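Chemist: fold the following.
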Amino acid sequence: MADEDKPQTETQEKPGKSKKSLLVPILFAAALILPAMLGLIVFRLVILPRVAANEAVTAEAAPALEETTEYTPEMQILELPEDQATVTPPNFDAASPLLMYKVALTCANAQTVSVIETYKPMFIALVAKLHRNRTRAELADPFVQETILKQVREEANALLQKLVGKNNNKVPIRVIEAVYVKFTIVDM
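Modeler: Below you'll find the predicted structure:
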């Protein structure tokens, strides 16, 4: 009879262990899913409406500049003087290559050219700042070159807005495009 009691107690312990073994994964899943669901709800109800409202305010406050490369008779091209920048070498023991470049700005009209000519050193410094401390691998990448030219255009337009004011002129004063006239990396 004592032998018969032992199997019954073993079978009685198994249902308790199976309940505990199911409870742990359920609690673990709940501990992962509930915070994720709460985070998603907070994002959808709190953060997303605020971001959408900020974007709407920004879009209303600053009208976007026309992105056009359509050439008109009023457009003029202004070439900035040739300049050079030191290229960051791959290792510090090597000699630094030299980047020689010349940028041309396509201006919307003659007024833009006259403002840039008046403040030419500022625009030269702006272009030089964007070419400084680049590696050879960066400068050899066509995407990086296009990105630099886009930055030149955007920062030149921002500088023009600071210099002449936003609503002072009826004629739009802006740089439409920036292109390289010369772009050479020389090893020393």
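
Chemist: just the element for residue 20, please.
Modeler: In the assignment (DSSP states H and E), residue 20 maps to helix 2-42.

Chemist: just the helices from this protein, written as ranges.
Modeler: 2-42, 48-61, 110-118, 120-131, 136-140, 142-164 (DSSP state H).

Chemist: quick one: which of those helices is nearest residue 177?
Modeler: If you check each of the helices of the chain against residue 177 by Cβ to Cβ, helix 142-164 wins as the nearest, at 6.4 Å. C-beta: built from backbone N, CA, C; applies to glycine.

Chemist: who are the packing partners of the closest one?
Modeler: Contact here means 3 or more Cβ pairs under 8 Å, 6 or more residues apart in numbering; DSSP states H and E; on that basis helix 142-164 packs against strand 98-107, helix 110-118, helix 120-131, strand 175-186.

Chemist: cutoff 6 Å now
Modeler: Here helix 142-164 touches helix 120-131, strand 175-186, going by 3 or more Cβ pairs under 6 Å, 6 or more residues apart in numbering; DSSP states H and E.

Chemist: that one: how far from the chain's middle?
Modeler: Computed by Cα atoms, centre = their mean, to the nearest Å, the chain-centroid distance of helix 142-164 equals 14 Å.

Chemist: what about that helix, average pLDDT?
Modeler: The average pLDDT within helix 142-164 is 93.

Chemist: which of the residues in it are buried?
Modeler: By 16 or more other Cβ atoms under 10 Å, the buried positions in helix 142-164 come out as 148-149, 152-153, 155-157, 159-160, 164.

Chemist: what's the angle from that helix to helix 120-131?
Modeler: For helix 142-164 against helix 120-131, the angle by axes from the mean of the first three to the mean of the last three Cα atoms, to 10 degrees is 150 degrees.
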